[in-house]
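A.B. asks: Fold the following and give me the result.
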Amino acid sequence: MISCDSLVKIYMTDNRKVMALEGLDLTIEDGEMMAIIGKSGSGKSTLLHMIGGLETPTAGLLTVDGKDISGFTEKEMVEYRKKKVGFVWQKSARNLFPYMTVLQNVVTPMNFSRGKRSERRKRAMELLEAVGMDRHAGKFPAQLSGGEQQRVAIAVALANDPAILLADEPTGAVDTRTANQIFSLFHKLNRELGITIVIVTHDMALADRVDRTVLISDGKISTEKIRKESAEEMLRKAQEAGFTGEETDAGKQDTHEEYSVLDKAHRLQLTEEMLEEAGIDSNKVRVEVVDGKVIISKE
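C.D. replies: Numbers count the residues shown, from 1 in each chain. Alright, predicted model coming up:
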């Protein structure tokens, strides 16, 4: 569904060039639910904004569903943002109109497409039911809790039936229990609708609840964590043990394997934690192959 080939993004700040992405490579499959993590300023939100058509790369190739979106005209980009992707932001002020009811918020994105008013309203109610908010259709955002607002925001994001759902820190403003509920909802939508979901989060515990997590460090993919068994299998085992999808956090178990990622030039990026644990404090290391294994050690 999404292919990032040597993506570069350079910003100008205070007459200085800042590199947010430095040749990033990433592939996201159709129907996949994955997380992107990284420190503040690592480039994770920049990548999400590019996939969403809110920013364009300085260099490199970004294709979505086989099309190079960086070459889109403004009209094509508007259509792309309207029909191909849905957004869920951390702050509800970016997701919902405060002067509209829950139902009106969900209907609004559909008002720019064809269809009868009754059909749009019916579709909106179906989405609210899917996220468990149909009983609150007549309320205003200020009458809802943070978690309830995010559920409505997800319904809004799905209003035009997008192929991709992008969530930027969707659980950053809610407590842990509510965050678990929101992630369970993402799993449900991913499983039932087959929608591709990309989540940016700083919370590793929550990131571990998806099948794949990539770490961006200094504008590149540094490591990937891949689940040993599928999310559906983990949920089934948890339910058999007497837990519900809202109560369990599969990430608390040792469920993933972590891999370092080689870029196209076969370069490897070591994290600060790796260097500290190995006692490496200089920019020179010894690399050798011993019994088929690559050994990196202090000079």
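A.B. asks: helix or strand for A179, which one?
C.D. replies: For A179, the host element (DSSP states H and E) is helix 176-193.
A.B. asks: same check, this time on E224
C.D. replies: Element membership for E224 (DSSP H and E) is strand 220-227.
A.B. asks: And the next helix or strand after the helix holding A179, what does it pack against?
C.D. replies: Using DSSP H and E, the helix or strand that directly follows helix 176-193 along the chain is strand 196-200. Here strand 196-200 is seen to pack against strand 33-37, helix 44-51, strand 164-168, helix 176-193 when contacts are counted using 3 or more Cβ pairs under 8 Å, 6 or more residues apart in numbering; DSSP states H and E. For glycine as for every other residue, the C-beta is placed from the backbone atoms N, C-alpha and C.
A.B. asks: Low-confidence bits of the stretch 51-200 of the chain, can you list those?
C.D. replies: Residue ranges of the stretch 51-200 of the chain with pLDDT under 70: 114.
A.B. asks: Now L262. Nearest residue, chain neighbours left out?
C.D. replies: Nearest residue to L262 in three dimensions, chain neighbours excluded: L268, at 5.7 Å (Cβ to Cβ, 6 or more residues apart in numbering).
A.B. asks: what comes up buried for stretch 49-57?
C.D. replies: 49-53, 55, 57 (16 or more other Cβ atoms under 10 Å).
A.B. asks: And for stretch 112-123?
C.D. replies: For stretch 112-123, using 16+ other Cβ under 10 Å, the buried residues are 120-121, 123.
A.B. asks: and if you look at stretch 208-227?
C.D. replies: In stretch 208-227, counting by 16+ other Cβ under 10 Å, buried: 208-225, 227.
A.B. asks: Show me what the mean pLDDT comes to for that stretch.
C.D. replies: Mean per-residue pLDDT for stretch 208-227: 85.
A.B. asks: could I get that stretch in PDB with only the CA atoms?
C.D. replies: Extracted C-alpha coordinates of stretch 208-227, given in PDB (Å, rounded to 0.1, in the frame of the first residue of the first chain):
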ATOM      1  CA  ASP A 208       3.900  -3.500  21.200                       C
ATOM      2  CA  ARG A 209       0.200  -4.200  20.700                       C
ATOM      3  CA  VAL A 210       0.600  -4.100  16.900                       C
ATOM      4  CA  ASP A 211       2.200  -6.700  14.700                       C
ATOM      5  CA  ARG A 212       5.100  -4.500  13.600                       C
ATOM      6  CA  THR A 213       6.800  -1.500  15.200                       C
ATOM      7  CA  VAL A 214       9.500   0.600  13.500                       C
ATOM      8  CA  LEU A 215      11.900   2.900  15.300                       C
ATOM      9  CA  ILE A 216      12.900   6.100  13.500                       C
ATOM     10  CA  SER A 217      16.200   7.500  14.700                       C
ATOM     11  CA  ASP A 218      17.800  10.600  13.100                       C
ATOM     12  CA  GLY A 219      15.600  10.500  10.100                       C
ATOM     13  CA  LYS A 220      16.000   6.800   9.200                       C
ATOM     14  CA  ILE A 221      14.500   3.400  10.200                       C
ATOM     15  CA  SER A 222      16.800   2.100  12.900                       C
ATOM     16  CA  THR A 223      15.100  -1.100  14.200                       C
ATOM     17  CA  GLU A 224      11.900  -3.100  13.600                       C
ATOM     18  CA  LYS A 225      10.000  -5.200  16.200                       C
ATOM     19  CA  ILE A 226       7.900  -7.900  14.700                       C
ATOM     20  CA  ARG A 227       5.400 -10.000  16.600                       C
END
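A.B. asks: could you list every residue that touches the closest residue to R151 other than its chain neighbours?
C.D. replies: Excluding the flanking residues, the one nearest R151 by Cβ to Cβ, 6+ apart is V131, at 4.4 Å. Counting by Cβ atoms under 8 Å, 6 or more residues apart in numbering, V131 touches 151-152, 154-155, 185.
A.B. asks: can you put those in TSV and add secondary structure, distance to T201 and neighbour count?
C.D. replies: Listed next are those as TSV, based on DSSP: H, G, I helix; E, B strand; the rest coil; distance: Cβ to Cβ, whole Å; neighbours: other Cβ atoms under 10 Å:
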residue	secondary structure	distance to T201	neighbour count
R151	helix	17	24
V152	helix	20	27
I154	helix	15	24
A155	helix	20	28
L185	helix	15	20
